[in-house]
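> mind looking at a prediction? Sequence and model below.
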Amino acid sequence: MPKTLDTTTDGWLCGLAGVLIFSGSLPATRLAVLGLDPLFLTGARATLAGALGVLLLVLFRAAWPERRELWPLVIVALGVVVGFPLLTALALRHVSSAHAIVFVGLLPLSTALFGVLRGGERPQPVFWLFSALGSAAVVAFALRHGADASPVGDALMLAAIVVCGLGYAEGARLSRRLGGWQVICWALVISLPVMAPLAWCFMPASFAAVSAASWWGLAYVSLFSMLIGFVFWYRGLALGGIAGVGQLQLLQPFFGFVLAALLLHEAVPPAMIAVTAVVIGCVAGARRFGRATPAPVRAG
């Protein structure tokens, strides 16, 4: 019994570490796109993280994935290695990181919805009520602040949340068989043949004009957001349970707001905090009435 309790606690701590790391992703991306092309940033972060992923797989002699696990790994790669980084990088050319963080409040809901589609879960009817309320809150905020926001940026952020939710749900489902950290490492390896040429093609003609802040942003999203964060996150899901640990994502917007204010000196209006609180409450209610029956997982 003590061993089970320790394992569960370890899962929650790992999940919290992952959320804290992910909270810096949007502010760091915002810094990076100030001096780097979004397509180069997307390719470079995945290439750097993929090279480190190869080293980890070789160092720990990870088993090769089975054939049935290849397509789910491709989905993970398309969602969290390519889709979310590229769409958010493009969006952050139109909106501030603080504004983009509002949409991250929908990420647990997006993950849960794809858990229904991909995992066959059947939540209670109240689940869909909270889902609708949370979505309505975000739409209302976007419409209310249409003069200050960008329709293009908002559309890109919504698309990013959709593909990331798919990547999270598929990765969480796959981690039950493949293990925790191996999921993101193999997804990065699969992405290398596309991401490396992308980074090369959109490499800046001269690096002299790129600020140090942009390089620091690239370093953070490559090392922490693209690799280390997922090592903690998928390990947390594997040890603590997908449904339980997944709720820690609800804290991510708050952490992101603090980082955006401290690092980028971005203003965070009260309305933005209020709508995030509403979204978090709705997502928490939706998760409360969603039925989850996780299968045994490997700690990986």
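Thanks, I have the structure now.
> after the longest helix seen in the chain comes which helix or strand?
Longest helix in the chain, counting residues (DSSP state H): helix 151-178. Once the chain leaves helix 151-178, the next helix or strand it forms, by DSSP states H and E, is helix 180-201.
> elements contacting that next one?
Judged by 3 or more Cβ pairs under 8 Å, 6 or more residues apart in numbering; DSSP states H and E, the packing partners of helix 180-201 are helix 38-59, helix 70-76, helix 151-178, helix 229-240. No exception for glycine: its C-beta is placed from N, CA and C like everyone else's.
> okay, now Ser135: neighbour count?
Per other Cβ atoms under 10 Å, the neighbour tally for Ser135 reads 15.
> go on, Pro151?
Using other Cβ under 10 Å, Pro151 is surrounded by 11 other residues.
> ok, Ala212 next?
The burial count for Ala212: 9, using other Cβ under 10 Å.
> for the longest helix of the chain, buried residues please.
153-154, 156-178 (16 or more other Cβ atoms under 10 Å).
> I'd like the mean pLDDT over it, please.
On average, the pLDDT along helix 151-178 is 88.
> got it, and stretch 280-300?
Across stretch 280-300, the average pLDDT comes to 60.
> equivalent analysis for stretch 84-93, please.
88.
> what residues does it touch?
Identification of contacts with stretch 84-93 by Cβ atoms under 8 Å, 6 or more residues apart in numbering yields 25-26, 29-30, 32-33, 38-39, 41-42, 45-46, 100, 152-154, 156-157, 159-160, 163-164, 167, 221, 225-226.
> if you set the cut-off to 6 Å instead, what comes out?
29-30, 33, 38, 41-42, 100, 153, 156-157, 159-160, 163-164 (Cβ atoms under 6 Å, 6 or more residues apart in numbering).
> same check, this time on stretch 155-163
Residues contacting stretch 155-163 (Cβ under 6 Å, 6+ apart): 79, 83-84, 87-88, 90-91, 100, 103, 106-107, 110.
> give me that answer again for 7 Å
Here stretch 155-163 makes contact (Cβ atoms under 7 Å, 6 or more residues apart in numbering) with 78-79, 83-84, 87-88, 90-91, 100, 103, 106-107, 110.
> state the distance from Leu178 to Gly167.
14 Å (Cβ to Cβ, to the nearest Å).
> show me where pLDDT drops low in the chain?
Flagging of the chain using pLDDT under 70 yields the residue ranges 1-8, 119-123, 139, 142-149, 238, 241-247, 264, 268, 286-300.
> Thr276 and Pro253 touch, don't they?
Yes. Assessed by Cβ atoms under 7 Å, Thr276 is found in contact with Pro253 at 4.7 Å.
> how about the contacts made by Ser191?
Ser191 makes contact with 46, 50, 77, 81-82 under the criterion Cβ under 7 Å, 6+ apart.
> report the two of the residues you listed separated the most.
The distance between the two most remote of the contacts of Ser191 (Cβ to Cβ) is 11.5 Å, for Gly50 and Val82.
> which of the two has more neighbours?
Gly50 (26 against 20).
> would you mind measuring from that one to Trp215?
The gap separating Gly50 from Trp215 is 19 Å, by Cβ to Cβ.
> just Thr42 next, same as before
Thr42 sits 16 Å away from Trp215 when distances are taken as Cβ to Cβ.
> repeat for Gly53
Between Gly53 and Trp215 the computed distance is 21 Å (Cβ to Cβ).
> more crowded one of those two?
Gly53 (28 against 15).
> okay, now Trp64: neighbour count?
By other Cβ under 10 Å, 9 other residues sit near Trp64.
> what about it, is that helix, strand or coil?
Three-state assignment for Trp64 (DSSP: H, G, I helix; E, B strand; the rest coil): coil.
> spatially nearest residue to Val54, not counting backbone neighbours?
Leaving aside its sequence neighbours, Val54 sits nearest to Val189 (Cβ to Cβ, 6 or more residues apart in numbering; 6.0 Å).
> the one you found: how many residues sit nearby?
For Val189, the number of neighbouring residues by other Cβ under 10 Å comes to 18.
> ok, it - contacts?
When contacts are taken as Cβ under 7 Å, 6+ apart, Val189 is in contact with 50, 53-54.
> same thing with Leu227?
By Cβ under 7 Å, 6+ apart, Leu227 lies in contact with 49, 52-53, 184.
> make a ChimeraX selection of the buried ones in those.
To isolate the buried members of those in ChimeraX, using 16+ other Cβ under 10 Å:
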select :49,52,53,184
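> Leu192 and Leu36: what is the separation?
Distance of Leu192 to Leu36, given as Cβ to Cβ: 19 Å.
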